[in-house]
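Visitor: For reference, the sequence and a predicted model appear below.
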Amino acid sequence: MPRPSASAFVLLVAVAALLAGVSVAAEEEVVTCSGIVPMSNRVDRISIADFGGVGDGRTLNTKAFREAVYRIRHLHRPGGTLLYVPPGVYLTETFNLTSHMTLYLAKGAVIKATQDTSNWPLIAPLPSYGRGRERPGGRYMSFIHGDGLQDVIITGENGTIDGQGDVWWNMWRQRTLSFTRPNLIELVNSRDIVISNVVFQNSPFWNFHPVYCSNVVVRNVTILAPLDSPNTDGIDPDSSSNVCIEDSYISVGDDLVSVKSGWDEYGIAYGRPSSDITIRRLTGSSPFAGIAVGSETSGGVENVLAENINLYKVGVGVHVKTNAGRGGFIRNITFSNVYVETARKGIKISGDVGDHPDDNYDRNALPVVKGILIKDVWGTNVQQAGLIRGIKNSPFTSVCLSNINLRGKPGPREAPWLCSDVSGAAFKVSPSPCSELASVSQRASCATYS
């Protein structure tokens with residue numbers, strides 16, 4: 001075989017260096033916020049089988065899970081303890097987690113909620129809601145619950161946590177609920193949380209609800225529920241800060257992600273905002289919103305970034321929603337690089353969404369919505385490009401749209417944009433946006449608009 005010439009060799013080296021550089025650059029382009037919570041490596045490990053757990057899909061394993069968590073809580077092993085759930089289907093009632101704990105689901109492991117609702121425990125309403133979200137009074141405890149915890153991990157080899165929610169959905173449809181349905185997983189007043197490499201399915205109500213939490217990472221998670229299942233939101237950060245949601249797939253019956261912060265006068269009084277929330281590389285489907293803020297935003301929501309989002313067959317691509325009586329604020333919200341395929345509306349920012357907990361809310365408590373940036377959005381088969389409806393005595397301000405192309409269905413359709421009580425700017429938007437935005441400025445981009 002002939003040896004390559006010196007010039008050919010130099011060329012090969014240059015190409016190899018170029019390819020290496022491209023590879024390094026590609027790796028560097030993967031931005032992540034998941035480092036806000038380091039993954040703990042637990043030396044102490046136990047199995048649910050050690051506590052009599054049986055994964056036959058019939059045996060009730062409540063005692064095994066509760067005893068395992070009790071052991072972790074009271075032995076205080078340095079670095080915490082990993083609870084291993086081997087392959088099998090483990091039927092159980094509700095149970096609490098504890099601090100410095102990893103719940104690890106092996107491949108083929110399923111933790112399945114019992115459908116016997118008669119023994120389901122009740123807990124007090126959240127103070128920022130004042131009552132159950134669906135019904136007055138208390139609420140059913142989440143299937144897997146935690147309060148006042150630190151350093152909690154739920155992970156594994158894509159094992160499944162199954163809420164078997166159809167019994168609860170039917171109670172909702174038949175209007176026989178006495179209290180608000182349970183979430184699949186709720187963590188309250190907790191910090192340093194990691195949820196990764198697991199599947200959530202068939203939640204009775206919201207899937208994952210971190211409330212009054214900080215430093216929360218949700219990554220490489222799949223969340224599934226039938227598209228007609230009521231209120232099965234995917235991930236609802238609520239009065240929480242430093243939340244990272246990345247690289248996940250969600251297909252549910254309500255908003256894929258909805259950032260919240262309390263409900264009307266109760267949320268105003270509690271006064272804890274949601275802030276510094278990143279949602280990145282998310283894919284999913286829903287008859288409601290892909291990415292939402294609200295409508296329960298009475299404690300305020302600020303500094304939210306949602307980018308690299310792919311949405312298929314959704315009701316609304318991105319939805320910022322509030323109402324008179326909510327109070328609070330919504331500010332510094334950015335949606336970037338969003339693809340929407342088949343939707344009723346591409347963009348919706350609305351001040352008339354959501355109900356009230358009771359008749360005691362302050363009708364003069366008007367939310368302040370300011371600083372909404374939506375850029376680099378591409379949509380096909382979108383029925384209406386956008387609706388932006390502010391509040392008469394509290395118009396939405398500094399709303400900016402940039403580089404947006406939302407293609408509609410052929411044939412008769414609604415006006416592409418409907419706007420009222422809003423001010424801002426729009427650049428490179430197709431179809432042409434409403435005059436409230438288009439006529440404000442002729443500068444080059446949202447970066448130069450303030």
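Guide: Noted; the coordinates are in hand.

Visitor: can you pull out the helices in the stretch 1-150 of the chain?
Guide: Counting by DSSP state H, counting those that start in this stretch, residue ranges of the helices within the stretch 1-150 of the chain are 6-29, 62-75.

Visitor: same check, this time on the stretch 151-300 of the chain
Guide: Secondary structure of the stretch 151-300 of the chain by DSSP H, counting those that start in this stretch: the helices cover 166-173, 264-270.

Visitor: Out of the helices of the stretch 1-150 of the chain, which gets the lowest mean score?
Guide: Per-stretch mean pLDDT for the helices of the stretch 1-150 of the chain is lowest at helix 6-29 (a mean of 42).

Visitor: Just the pLDDT at the nearest residue to residue 134 once chain neighbours are set aside, thanks.
Guide: Leaving out its chain neighbours, the residue that sits closest to residue 134 by Cβ to Cβ, 6 or more residues apart in numbering is residue 180, at 4.2 Å. Any C-beta I mention is one placed from the backbone N, CA and C, and that applies to glycine too. With respect to pLDDT, residue 180 scores 98.

Visitor: Tell me the spacing between residue 180 and residue 140.
Guide: With distances taken as Cβ to Cβ, to the nearest Å, residue 180 is found 7 Å from residue 140.

Visitor: Just list the residues touching residue 430, thanks.
Guide: Neighbour list for residue 430: 404, 405, 406 [criterion: Cβ atoms under 8 Å, 6 or more residues apart in numbering].

Visitor: Can you get me a residue count around residue 45?
Guide: If you count neighbours by other Cβ atoms under 10 Å, residue 45 ends up with 13.

Visitor: quick one, what contacts residue 330?
Guide: Neighbour list for residue 330: 293-294, 297, 300-302, 320, 322, 367-370, 372 [criterion: Cβ under 8 Å, 6+ apart].

Visitor: same thing but at 6 Å, please
Guide: With contacts taken as Cβ atoms under 6 Å, 6 or more residues apart in numbering, residue 330 has the following neighbours: 293, 297, 301, 369.

Visitor: can you tell me the helix or strand for it?
Guide: Element membership of residue 330 [criterion: DSSP states H and E] is strand 329-350.

Visitor: quick one: strands adjacent to that strand?
Guide: The pairing partners recorded for strand 329-350 under DSSP bridges are strand 301-321 (parallel), strand 368-389 (parallel).

Visitor: Distance to residue 250, neighbour count and pLDDT for the contacts of residue 330 - can I get that in JSON lines?
Guide: What follows is the contacts of residue 330, written out as JSON lines (distance: Cβ to Cβ, whole Å; neighbours: other Cβ atoms under 10 Å; pLDDT from 0 to 100):
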{"residue": "293", "distance to residue 250": "16", "neighbour count": "29", "pLDDT": "98"}
{"residue": "297", "distance to residue 250": "21", "neighbour count": "32", "pLDDT": "98"}
{"residue": "301", "distance to residue 250": "20", "neighbour count": "30", "pLDDT": "98"}
{"residue": "369", "distance to residue 250": "25", "neighbour count": "32", "pLDDT": "98"}
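
Visitor: Turn these into a markdown table, including distance to residue 43.
Guide: Formatted as a markdown table, the entries for these read as follows, by distance: Cβ to Cβ, whole Å:
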| residue | distance to residue 43 |
| --- | --- |
| 293 | 41 |
| 297 | 42 |
| 301 | 39 |
| 369 | 49 |
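
Visitor: Residue 108 contacts residue 87, correct?
Guide: Yes: between residue 108 and residue 87 there is a contact under Cβ atoms under 6 Å: 3.4 Å.

Visitor: Contacts only, for residue 129.
Guide: By Cβ under 6 Å, 6+ apart, the contact set of residue 129 is 263, 266.

Visitor: May I have the beta-bridge partners of residue 311?
Guide: When bridges are called by DSSP bridges, residue 311 pairs up with residue 284, residue 340.

Visitor: Looks like it contacts residue 289 (just checking).
Guide: No: under the criterion of Cβ under 6 Å, residue 311 lies out of contact with residue 289, with a separation of 9.0 Å.

Visitor: Now for residue 374: which residues touch it?
Guide: By Cβ under 6 Å, 6+ apart, the contact list for residue 374 reads 335, 401.

Visitor: if we can go back for a sec, check the gap between the residue nearest to residue 134 and residue 197 for me.
Guide: From residue 180 across to residue 197, the span is 29 Å (Cβ to Cβ).

Visitor: and these two? which has more neighbours close in?
Guide: Under the neighbour definition other Cβ under 10 Å, residue 180 and residue 197 were set side by side, and residue 180 has more, 23 against 18.

Visitor: Might one say that that one is in contact with residue 135?
Guide: Yes: judged on Cβ under 6 Å, residue 180 makes contact with residue 135 at a distance of 5.2 Å.
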